[in-house]
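Q: just a sequence and a predicted model for now, questions to come.
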Amino acid sequence: MSKLQRIIGVCGLNASGKSTICNFYKDKGYKVLSLSDIIRKTLRENNIEETRDNLIDMGNNLRNKYGAGALAKMTIDTLNQTDNYVIDSIRHPEEVKCFRGNYNKQQNQFILVGIQCDAEIRFQRIQSRNRVGDKQSLEQFKEIEQKEMNNPDPNGQQVSKVLEMSDFNIKNNFNNFDDFNKEIQLLDSQISK
C-alpha cells in the first residue's frame, strides 16, 4: 500500500514562527510553498513594491476577483500528488475549506497548524530580522495586524477565524530557537500518530 500524501497548512501572524515550522518540515523532506508566493508574483508582474500593506491588499484583491479560496485553489493546482507539502500563510477560512475538500481529513492528509505569539514579542522579532517592509512603529504594526486578523471584507484576511479552525495550536512566546524547536518536535510526534 502506498503512503498517503500529507499537506501541513500553517497559519499565524507576522513573525509568529511560521517559517521555523516550514523549515523543520523542509528538513524532513516536505516541499515548502506559501500562498503569499502567488501574491508576490502578482505584485512583481504589476511593478508594485512588496510591502506588508501591498501584500495584504493584493491578496484581498485576488480573493475578491477569484473567490475567497482562490489562493488555495491556485496552489493545489501546482502540487505533485506524490510529494508531501507544508503550505505557509493560510489566512482565510475558505482556503482551509479548499484544502480540506481536496485532502482527506480522516486520514490526516491535511493538517492545519496555528501559531500564536504575543504582539510585542513578534514586533521585537520583526525589528531584529531586517526584512523589506518590516521597519515600522509598534502602532503601525498593530494596525496592519488588525487588517490580517478580522478584515470586515468577507474576502479579506481572516487569520483569527483560521486559527480557530486549526487542528493543532502552538504558542510561540519562546525567546530561543531550541525551546520552540522542542515544541515543533512534540507537534510532529502528535501529527505522525
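A: Good, I have the coordinates.

Q: now the helices: where do they sit in this protein?
A: Secondary structure of the chain (DSSP state H): helices at 18-27, 35-45, 52-66, 70-76, 93-102, 119-129, 138-149, 159-164, 177-191.

Q: now the third one: average pLDDT?
A: When the per-residue pLDDT values of helix 52-66 are averaged, the result is 90.

Q: which helices and strands does that helix pack with?
A: Packing partners of helix 52-66 (3 or more CB pairs under 8 Å, 6 or more residues apart in numbering; DSSP states H and E): helix 35-45, helix 70-76, helix 138-149. In short, each C-beta sits where N, CA and C put it, glycine included.

Q: how near is the residue positioned nearest the centre of the chain to residue 61?
A: The centroid of the chain falls nearest to residue 89 when counting by CA atoms, centre = their mean (2.0 Å). Going from residue 89 to residue 61 by CB to CB, to the nearest Å gives 16 Å.

Q: for the protein, what helix or strand is lowest in average pLDDT?
A: helix 138-149 (a mean of 84; mean pLDDT, DSSP states H and E).

Q: figure out how far that helix is from the centre of its chain.
A: 17 Å (CA atoms, centre = their mean, to the nearest Å).

Q: can you show me the CA trace of that helix as CSV?
A: C-alpha atoms of helix 138-149 as CSV (Å, rounded to 0.1, in the frame of the first residue of the first chain):
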residue,chain,number,x,y,z
LEU,A,138,4.5,49.3,17.1
GLU,A,139,1.4,51.3,16.3
GLN,A,140,1.7,50.7,12.6
PHE,A,141,2.5,47.0,13.3
LYS,A,142,-0.7,46.6,15.3
GLU,A,143,-2.8,48.5,12.7
ILE,A,144,-1.6,46.1,9.9
GLU,A,145,-2.2,43.2,12.2
GLN,A,146,-5.9,44.2,12.5
LYS,A,147,-6.2,44.0,8.7
GLU,A,148,-5.0,40.4,8.9
MET,A,149,-7.0,39.3,11.9
